[in-house]
Structure formats: C-alpha cells, structure tokens
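Peer 1: got a predicted structure here, sequence first:
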Amino acid sequence: MPAAQRYDDLVIGAGQAGVPLSRALAEAGRRTALVESTHVGGTCINEGCTPTKTMAASARVAYLAQRAGDYGVDTGPVTVDLARVRQRKRDIVESWRRSSEQRLLATDGLDLLMGEARFAGPHTVQVRLRSGEERLLEAERIVVDVGTRPAIPALPGLNEVPFRDSTTIMELEEVPEHLLILGGGYVAVEFGQMFRRFGSAVTIVQLAAQLLPREDADVAAEVTSILREDGLEIVLEGHGRRVAANGDDGICLTVATPDGERTLTGSHLLVAVGRTPNSDRLDPDAAGLKLDERGFLVVNERLETNVPGIWAAGDVKGGPAFTHIAYDDFRILRTNLLEGGAASTNGRLVPYTVFMDPQLGRVGFTEKEARKAGYPIAVASLPMSWVARALETGEPRGLLKAVVHAETDRILGAAVLGSEGGEIMAVLQAAMLGGVTAATLRETVFAHPTLAEALNNLFGTLVG
C-alpha cells in the first residue's frame, strides 16, 4: 500500500449531494477528492428519477393514444416498441451523466476517482480503483453520500428464478406478458401502471392492507381504484410465501391472503419491497461510525455522524429518500462547512410526487399524522371530477385533500391526486412556507380555467 494521499476534504459517493458539494469545496480552494464506485449522478440520474420518469412519459403517450377515441380522434391500433422506449431512456440518462462528469473533471482542485472506498480509520479511506490499483486517502473532513440499493427479501425460491428489481426491470427489451410485482409502495405503483400501459397484464401483491402505507387510507383507496380501473389486479394483505419456476419461462408466486393461499403465475417478477443502505460496503466499524437497526448512518440535525469530522448526506442516512432532500443536504453542508453557518434539517418541509398518472403530490402532515401529533384540525376534500379544467381535459380521476390547523387556519399538509398533482401541491407548499391561510386561498382570484382554481372550492369544504 503506497503512502496516503492527503486531501482537505473527501466525498464518498457522487450522488445528488456529493456532486455539487465536491465542486463547491474545490471551488472554495480546498483540495478535494470525490470517490464513486459505479457512475456519477447517483440513483436519481442512473436508476431512479430520470430513467423511470422518461419511461413513464412513453407510457402516458401510449395511454393517451389508446384513449384518443374519447376525444374524437381516430389513431388506429397502438403498439409499444419497448426496445425503443429503453433506448430513449438510455440516451437521456447518458446525456445527464456525461454532463455531470464533464463538470466534475473541469473543476480545478477536484480529483474524481472511480473505485470502491472503504474506511481504514476515522479519517483514512482505502480505495480500489477500477484498474485494480489501491490508494490510501486521508482527509480532515469526510462526507458520505453512498445511497441505497434495492432490498431483496428472504423469500424461499427467489434466488432460483430470474426476478427483476427497480433497476433491471428498465432493461427489458420486450413487454412482459404478465408482470407480477411484490410490494405496494411508490416503485410498485409507478412501474405497475407503466407496464400495464405498455400492454402487460399486471398483478401487485402488497403485504399491508393498503397501497402506499404512508398515505391516508382515503388517498390510498383512490390510488387503488384508479389502478384497478386501468386493469391492474391488486392483492392486499398478500404475504409472499415462496417463488418457483413455472416451465421454461414463467414464474409462480405463492401468497397467503385473508381468503387463503393463492399461487399467481406470470412471465416476470419485479421485487419492490424497499431499499437497503450501502453503508455496509464502507466497513463503517473501521471508522467507528454508528448505524441504526436498518444499517443507515445515524446523524444529527446538522448531518454530523457520531465521529467528529464525518458527515452523511442523501439516502444513506435514512429519512426521506428523495433527490430534492439530498440536494438540500448539500445546501446544509455547504452553509456549515464553507460559510460557517448553522443550517439544519429542523423544520424542513418535505414535498414529494408519486409519478403515477394522475400524479400524487404530497407535502406536510397527512390527516393521520396530524391527529397523532395532537393538532386540532379541520379537513378539506374535493374530488377532481368537480374541477372544470380536469373535466375539460378528460382527466377527472383523483382528489384533493388538505389538513388545516383548526385554530390558526394554517395549512398543515396536503395531498393532490390528480392531473399535474405535483404542480398543484407546490402551490400549497408555497402557501405553507409563506403562512398563507386556508381562508386566503379560498378567496384568491385564480385564472379560469386552471387546475389551481380548484383550491377555491377545496377550502370551501373544510370540516372541523
């Protein structure tokens, strides 16, 4: 092992926090190294947001083409060339990744090292480069941004069949005849609807009593209704028991349900039961890093680990696993490490969008969470079928829901399941950040006909 190379700062993982942070540190005059094991951009660019939303856009075009007759437009038969959908996805991913790499390589004072990093001590990291060369790096400050990977359950027979995860499912070149999905969270919902629109039969098996367990029951029920209307089979309270091959190409998934045991047969199986942190690949014990019971790095509100001089950002620290949260982690670290500030995650408002169609935009408390926290609340709810713009565009499915503090009239949270639900949610998020009351939105003059004007009627339905 050669002598250690000394850096001011070392960032492990080129994700949505690691990339901008490493550049900011180097541009501030600090000698910085960025170590990445697989590809620049992290999950978002390579296996998450960018590729999945690109493919979902293709699925929506197929859906609209199939519905063209509803609008008085004749198109003829609709077919999907999944290989071309995949290539479009690959091209966009490659463009984003290449652009990010080029910016890193052009940054003075920043070394991009492609290889596997493991701690050899609290401030020492051993890196095995792709060439096989070993390097030892030392740094005064280290930031870990190594993300997560799909979790694989201990299900009998699973390792004996060619199952897919959220990454490998996007590399199919032909539309599955029948896609079985184990799991009922955001990944299952997005991919399930997507492949149904591509032409697959789809069955989702969810362990819990509802899809999207973090959502209120009424919102989850509406999601389920929409998916069933689209032709998906939804099996709730389905406990996976075993998996087996079915002939040369098929898969059998046996599940226990409240109505007894069932064996489902399909051509493909997608396992979407959550994600596990990549902290185990770093030898965290060598640095003395503390992990929680699931393996996530434990941090405080300033993203500091239990080891002085080591921080964690992005999904590896647990909490909301969203690109925009990772980027905000970068902002917190930039403020504190370069500007001497005291930024923290305290009070951070977390928005997100589930890119099913129609979208589910969420921010703040659910009704369930607000009641558990003891807030006096009033609830507003409005079906999208009451929104003029939704009817005019032929997109009346879904609902709007908001939770309001009954005493201050401040908005505590909202869910918008409907056409451009994420964009309408952002309006409510801005109102929450600015302290705008429900009464103000009820009386605001919005342009007609827009989706946003639904907020007038939504807050007219408040019930304490």
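Peer 2: It's in.

Peer 1: tell me the secondary structure for Asp70?
Peer 2: The three-state label given to Asp70 by DSSP: H, G, I helix; E, B strand; the rest coil is helix.

Peer 1: flag the shaky bits of this structure, pLDDT-wise.
Peer 2: Within the chain, the stretches with pLDDT under 70 are 1.

Peer 1: how is it carved up into domains?
Peer 2: 5-150+276-338, 159-273, 358-458 (automatic domain parsing).

Peer 1: quick one: the ones you listed as TSV, columns for distance to Tyr352 and mean neighbour count too.
Peer 2: Every residue, glycine included, has its C-beta placed from N, CA and C. Formatted as TSV, the domains of the chain follow (distance: least, Cβ to Cβ, whole Å; neighbours: other Cβ atoms under 10 Å):
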stretch	distance to Tyr352	mean neighbour count
domain 5-150+276-338	5	19
domain 159-273	8	19
domain 358-458	6	19
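
Peer 1: just send these back as a markdown table, with distance to Arg348 too.
Peer 2: As requested, these are exported to a markdown table (distance: least, Cβ to Cβ, whole Å):
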| stretch | distance to Arg348 |
| --- | --- |
| domain 5-150+276-338 | 7 |
| domain 159-273 | 17 |
| domain 358-458 | 11 |
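
Peer 1: so which of those gets nearest Leu349?
Peer 2: domain 358-458 (6.4 Å; Cβ to Cβ).

Peer 1: can you tell me the closest non-neighbouring residue to Arg302?
Peer 2: Leaving aside its chain neighbours, Arg302 sits nearest to Ser344 (5.2 Å; criterion: Cβ to Cβ, 6 or more residues apart in numbering).

Peer 1: how close does that neighbour get to Thr323?
Peer 2: 20 Å (Cβ to Cβ, to the nearest Å).

Peer 1: residue ranges for the strands of the stretch 101-250 of the chain, please.
Peer 2: 110-121, 124-129, 134-144, 148-150, 178-182, 201-205, 233-235, 239-246, 250-257 (DSSP state E, counting those that start in this stretch).

Peer 1: so for Tyr71, which of those sits nearest?
Peer 2: strand 201-205 (25.2 Å).

Peer 1: now do the closest one: which elements does it pack against?
Peer 2: Packing contacts for strand 201-205, counted by 3 or more Cβ pairs under 8 Å, 6 or more residues apart in numbering; DSSP states H and E, involve strand 178-182, helix 186-198, strand 233-235, strand 260-266.

Peer 1: the third one: partners in the sheet, and parallel or antiparallel?
Peer 2: Looking at strand 233-235 with DSSP bridges, its paired strands and their directions are strand 201-205 (parallel).

Peer 1: just the CA trace of the partner strand, in PDB.
Peer 2: Output of strand 201-205 as PDB, limited to C-alpha atoms (Å, rounded to 0.1, in the frame of the first residue of the first chain):
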ATOM      1  CA  ALA A 201     -51.100  -7.900 -17.500                       C
ATOM      2  CA  VAL A 202     -50.000  -6.700 -14.100                       C
ATOM      3  CA  THR A 203     -50.600  -8.100 -10.600                       C
ATOM      4  CA  ILE A 204     -49.400  -6.200  -7.500                       C
ATOM      5  CA  VAL A 205     -49.100  -8.100  -4.200                       C
END
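
Peer 1: ok, residues contacting it?
Peer 2: Strand 201-205 is contacted from outside by 177-184, 188-189, 192-193, 195-196, 211, 227, 231-235, 238, 240, 253, 255, 264, 266, using Cβ atoms under 8 Å, 6 or more residues apart in numbering.

Peer 1: between it and helix 186-198, how many degrees?
Peer 2: 160 degrees (axes from the mean of the first three to the mean of the last three Cα atoms, to 10 degrees).

Peer 1: let me know the angle separating strand 201-205 from strand 250-257.
Peer 2: 40 degrees.

Peer 1: let me know the angle separating strand 201-205 from strand 239-246.
Peer 2: Using the same axes, to 10 degrees: strand 201-205 against strand 239-246 is 140 degrees.

Peer 1: element containing the residue nearest to Arg302, please.
Peer 2: Using DSSP states H and E, Ser344 falls within no helix or strand.

Peer 1: what about it, neighbour count?
Peer 2: A count of nearby residues for Ser344, using other Cβ atoms under 10 Å, gives 14.

Peer 1: got the contact list for it?
Peer 2: So Ser344 contacts Glu301, Arg302, Ile332 (Cβ under 8 Å, 6+ apart).

Peer 1: looking at the residues you listed, which are in helices?
Peer 2: Ile332 (DSSP state H).

Peer 1: on that earlier part again, quick one: closest of the strands of the stretch 101-250 of the chain to Val219.
Peer 2: strand 233-235 (15.0 Å).

Peer 1: can you list contacts of that closest one?
Peer 2: 184, 201-206, 211, 224, 227-228, 255, 257, 262, 264.

Peer 1: sorry, back to before: make CSV out of the contacts of Ser344 and add distance to Thr444.
Peer 2: What follows is these, written out as CSV (distance: Cβ to Cβ, whole Å):
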residue, distance to Thr444
Glu301, 34
Arg302, 37
Ile332, 33
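
Peer 1: what's the closest of the domains of the chain to Val350?
Peer 2: Per Cβ to Cβ, nearest to Val350 of the domains of the chain: domain 5-150+276-338, 4.9 Å.

Peer 1: can you give me the end-to-end span of the closest one?
Peer 2: For domain 5-150+276-338, the first-to-last residue distance is 22 Å (Cα to Cα, to the nearest Å).

Peer 1: swap in stretch 351-358?
Peer 2: 17 Å.

Peer 1: who touches the residue nearest in space to the middle of the chain in this structure?
Peer 2: Nearest to the geometric centre of the chain sits Phe322, at 5.0 Å (Cα atoms, centre = their mean). Phe322 sits next to Val350, Tyr352 when contact means Cβ under 8 Å, 6+ apart.

Peer 1: mind checking how far it is from Leu428?
Peer 2: Counting by Cβ to Cβ, the gap from Phe322 to Leu428 is 17 Å.

Peer 1: before we move on, what about Arg86?
Peer 2: Arg86 is 36 Å from Leu428, by Cβ to Cβ.

Peer 1: next: Ser166.
Peer 2: 29 Å.

Peer 1: quick check: longest helix of the chain.
Peer 2: Longest helix in the chain, counting by DSSP H: helix 82-105.

Peer 1: got the contact list for it?
Peer 2: Contacts of helix 82-105 (Cβ under 8 Å, 6+ apart): 14, 19, 22-23, 34, 39-41, 45-46, 50-51, 54-55, 58, 110, 112, 170-175, 198.

Peer 1: inside helices: which ones of those residues?
Peer 2: Val19, Ser22, Arg23, Ile45, Asn46, Thr50, Pro51, Thr54, Met55, Ser58, Phe198.
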